[in-house]
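[1] Below is the sequence, then the predicted model.
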Amino acid sequence: MTIVNFLLKDKKFFQILKSYDTIIPVPISKKRRKERGYNQSELIAREIAKRTQIPYQNQCLFKTKNIVEQSKLKKEERQKNIQGVYELHNSQILENKKILLVDDIYTTGSTVNECCRILRQANPKKIDVFTIAKD
């Protein structure tokens with residue numbers, strides 16, 4: 001059983017998910033994806049989208065810079081490290097939408113805060129964050 005199967009068995013949680021217009025994973029850099037072979041946030045977001053039939057969107061938020069891994073930095077360093085790393089493309093797709101941003105782990109919030117800051121440029125109705133784990 002996948003983690004998504006487990007989560008979606010909760011009817012209340014499933015109904016909450018169904019209130020979103022689109023699901024977006026926190027992107028990783030091309031270099032990191034090549035090294036790892038996958039983006040775990042993307043895998044989770046795709047599966048949730050597939051199982052709930054909520055549109056999945058990976059053509060709007062992009063990570064454009066390779067940076068030191070956030071997990072290797074202290075809180076203050078993470079906030080500086082992540083600034084200016086993401087870009088918004090195709091913003092009209094997200095205008096007035098309820099967005100669910102998916103990340104695998106929440107530590108200090110620096111990554112999701114920066115992603116949300118960038119996504120707000122598209123004037124969405126709402127942005128919420130879903131993570132599988134909290135450090």
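    Perfect, I can see it now.
[2] got the residue ranges for the strands in the protein?
    For the chain, applying DSSP state E gives strands covering 22-25, 61-63, 86-88, 98-106, 126-134.
[3] Below-threshold pLDDT in the protein: ranges please.
    Residues of the chain that meet the criterion pLDDT under 70 lie in 1.
[4] Out of the strands of the chain, the one nearest residue 35 is which?
    In terms of Cβ to Cβ, the element of the strands of the chain nearest to residue 35 is strand 61-63, at 13.5 Å. All C-beta spots, glycine's among them, are computed from the backbone N, C-alpha and C.
[5] Can you name every helix or strand that that closest one contacts?
    strand 86-88, helix 110-119 (3 or more Cβ pairs under 8 Å, 6 or more residues apart in numbering; DSSP states H and E).
[6] on that earlier part again, for the strands of the chain, give me a markdown table that also has mean neighbour count.
    Compiled in a markdown table, the strands of the chain are given as follows (neighbours: other Cβ atoms under 10 Å):
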| stretch | mean neighbour count |
| --- | --- |
| strand 22-25 | 24 |
| strand 61-63 | 21 |
| strand 86-88 | 17 |
| strand 98-106 | 20 |
| strand 126-134 | 15 |
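[7] Including distance to residue 12, could those strands go into a markdown table?
    As requested, the strands of the chain are arranged in a markdown table below (distance: least, Cβ to Cβ, whole Å):
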| stretch | distance to residue 12 |
| --- | --- |
| strand 22-25 | 18 |
| strand 61-63 | 28 |
| strand 86-88 | 31 |
| strand 98-106 | 15 |
| strand 126-134 | 14 |
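[8] do you know which of the ones you listed lies nearest residue 36?
    Distances from residue 36 to each of those were compared using Cβ to Cβ; the shortest belongs to strand 98-106, at 11.7 Å.
[9] and residue 114, which of the strands of the chain is closest to it?
    Smallest distance to residue 114 across the strands of the chain (Cβ to Cβ): 6.1 Å, for strand 86-88.
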